[in-house]
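Peer 1: Predicted model and sequence below, questions to follow.
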Amino acid sequence: MTLDDIQPLDTGRMYDLIRQFPDQLRDGRSRAQDVPLPAALDDLDHIVVAGMGGSAIGGDLVRTLVQPTAPVPMTVVRDYTLPAYVGPGTLLVASSFSGNTEETLTVLDEAARRRARILCVTSGGQMLEIARNEGYPVVQIPGGMPPRAALGYSFAAVMTLAERLGLAPADAAAWDEAMALLEAQTAACADPAGNEALDLARTLHGKLPVVYSGPGLMEAVNLRWRGQFQENSKVYATGNLFPEMNHNEIMGWQYPGAVHALLAVVVLRDRGDHPRIRRRLDVTGRLLGDRAASWTEVESRGTAPLARLLSLVNLGDWVSFYLALLQAVDPTPIPLIDALKEAMQA
């Protein structure tokens, strides 16, 4: 594969957007450094990130990173309504790339009625207008790209806010490690002549991806891989988390048939996985590996959790991009989502 092969299919320049991931992280972090916080941590009993799709996944990734250190819980809401516990002691981070996501705008209005503290992350639209009218602090990020391709901005903004609140330590060395790792990985995966992302995409081509991982740090990475296969590659993808998979889904592999011959399993592994999770992944691979079309394990890279998480997020984006090209589809357009939005507005 060459760049000349990529350009006719990649009309939305997803290749360039994925290459910009390290730069997005730097810019998103910078944009969130000086935004006023609506409350101190001592005044809060809960942090809620409200968003959908590409605007929500950044919150999920941050949630898994801060979980071991955060003194108050952090949750992500993908809905039109808020849980009953949201009130004056809640910080709501409303994340909408376009600023026009109807679910998030509905939740924003409800949070205001409940007197929650509010901060917005958006590129514009109605959310930016509301924030300016109501005096909500805003991390304004650049527009002009698909929300899923702006993850570097949304993740870095929310993670920086979490550090400033005290949900996790602000670790400059961890950020430096992550950026150096991502720069090297991006340079390698951007070479269409051959790289590990393209190799994995070839393994998945013509199959249905099944993404397995442990919980904790890999939970949201698992979700990101599936979402990118669905939106970029236009393939149906599913997955599950261990150990839960071992308590039910494993029995769906008992009698291999025509469906199983289409399933290409990708196991996301991390050095921080609980020893019993690692054992379960090993044993399950031995039991099921020959029942699937393929069984591939991918290990996170780096030392600190931040680098390990982002290494697999970025790799998954590249795999989904190359899988789209192998299927001769443009990774950027999302016609069924566009059609659904039009129908909902009718």
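Peer 2: Yep, it's here. The structure displayed is predicted, hence computed values, not measured ones.
Peer 1: got the residue ranges for the strands in the stretch 101-250 of the chain?
Peer 2: Along the stretch 101-250 of the chain, the segments classed as strands by DSSP state E, counting those that start in this stretch run 117-122, 138-140, 208-213, 238-241.
Peer 1: And these: which comes nearest residue 289?
Peer 2: Across the strands of the stretch 101-250 of the chain, residue 289 has its closest neighbour in strand 208-213 (11.6 Å, Cβ to Cβ). All C-beta atoms are positioned from the backbone trio N, CA, C, and that covers glycine.
Peer 1: Give me the phi and psi for residue 260.
Peer 2: phi -60, psi -30 (degrees, to the nearest 10).
Peer 1: so who does it touch?
Peer 2: 253, 291, 292, 293 (Cβ atoms under 8 Å, 6 or more residues apart in numbering).
Peer 1: so which of those would you say is closest to residue 267?
Peer 2: Closest to residue 267, out of all of these and judged by Cβ to Cβ, is residue 292, at 10.7 Å.
Peer 1: Looking at neighbours, which among the contacts of residue 260 is most surrounded?
Peer 2: Within the contacts of residue 260, most neighbours by other Cβ atoms under 10 Å means residue 292, with 20 neighbours.
Peer 1: possible to save the contacts of residue 260 as CSV with pLDDT and secondary structure?
Peer 2: Below are the contacts of residue 260 laid out as CSV (pLDDT from 0 to 100; DSSP: H, G, I helix; E, B strand; the rest coil):
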residue, pLDDT, secondary structure
253, 98, helix
291, 97, helix
292, 98, coil
293, 98, coil
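Peer 1: okay, among those, which ones form the most distant pair?
Peer 2: Of all pairs in the contacts of residue 260, the most separated under Cβ to Cβ is 253 and 293 at 12.5 Å.
Peer 1: and the protein, what are its domains?
Peer 2: When the chain is parsed with automatic domain parsing, its domains come out as 33-170, 174-326.
Peer 1: Of those, which is nearest residue 344?
Peer 2: Closest among the domains of the chain, once you apply Cβ to Cβ, is domain 33-170, at 7.8 Å.
Peer 1: Which residue, neighbours along the chain excluded, lies closest to residue 28?
Peer 2: Take residue 28 and drop its neighbours on the chain: the residue closest to it by Cβ to Cβ, 6 or more residues apart in numbering is residue 156, 3.2 Å away.
Peer 1: Need the per-residue pLDDT for the one you found.
Peer 2: Per-residue pLDDT puts residue 156 at 98.
Peer 1: One more: the one 10 residues further on?
Peer 2: Predicted confidence (pLDDT) at residue 166: the value is 96.
Peer 1: Could you do residue 4 as well?
Peer 2: 89.
Peer 1: helix or strand for it, which one?
Peer 2: helix 3-6 (DSSP states H and E).
Peer 1: Mind listing what's buried along that helix?
Peer 2: Judged by neighbour count (16 or more other Cβ atoms under 10 Å), helix 3-6 contains these buried residues: residue 6.
Peer 1: List the first helix or strand encountered after it toward the C-terminus.
Peer 2: Trace forward from helix 3-6 with DSSP H and E and the next one is helix 14-19.
Peer 1: quick check: mean pLDDT across that next one?
Peer 2: Per-residue scores along helix 14-19 average to 98.
Peer 1: Find out how far it is from the centre of the chain, if you would.
Peer 2: Put simply, helix 14-19 sits 16 Å off its chain's centre (Cα atoms, centre = their mean, to the nearest Å).
Peer 1: can you list contacts of it?
Peer 2: By Cβ under 8 Å, 6+ apart, helix 14-19 touches 6, 145-146, 149, 186, 190, 232, 314, 317-318, 321, 324, 331-332.
Peer 1: still on that earlier bit, please produce TSV containing the strands of the stretch 101-250 of the chain, extended by distance to residue 259, mean pLDDT and mean neighbour count.
Peer 2: Listed next are those as TSV, based on distance: least, Cβ to Cβ, whole Å; pLDDT from 0 to 100; neighbours: other Cβ atoms under 10 Å:
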stretch	distance to residue 259	mean pLDDT	mean neighbour count
strand 117-122	40	98	25
strand 138-140	44	98	21
strand 208-213	8	98	24
strand 238-241	12	98	17
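Peer 1: circling back: and of the contacts of residue 260, the nearest to residue 42?
Peer 2: Nearest to residue 42 among those, with distances taken as Cβ to Cβ, is residue 253, at 49.3 Å.
Peer 1: What residues does that closest one make contact with?
Peer 2: Applying Cβ under 8 Å, 6+ apart, the residues near residue 253 are 260, 287, 288, 291, 292.
Peer 1: Next: residue 130.
Peer 2: Contacts of residue 130 by Cβ under 8 Å, 6+ apart are 105, 108, 120, 136.
Peer 1: Residue 331 too?
Peer 2: 9, 10, 12, 14, 232, 233, 320, 321, 324, 325.
Peer 1: so what pLDDT did it get?
Peer 2: 98.
Peer 1: can you check the one 3 residues further on too?
Peer 2: Per-residue confidence at residue 334 stands at 97 (pLDDT).
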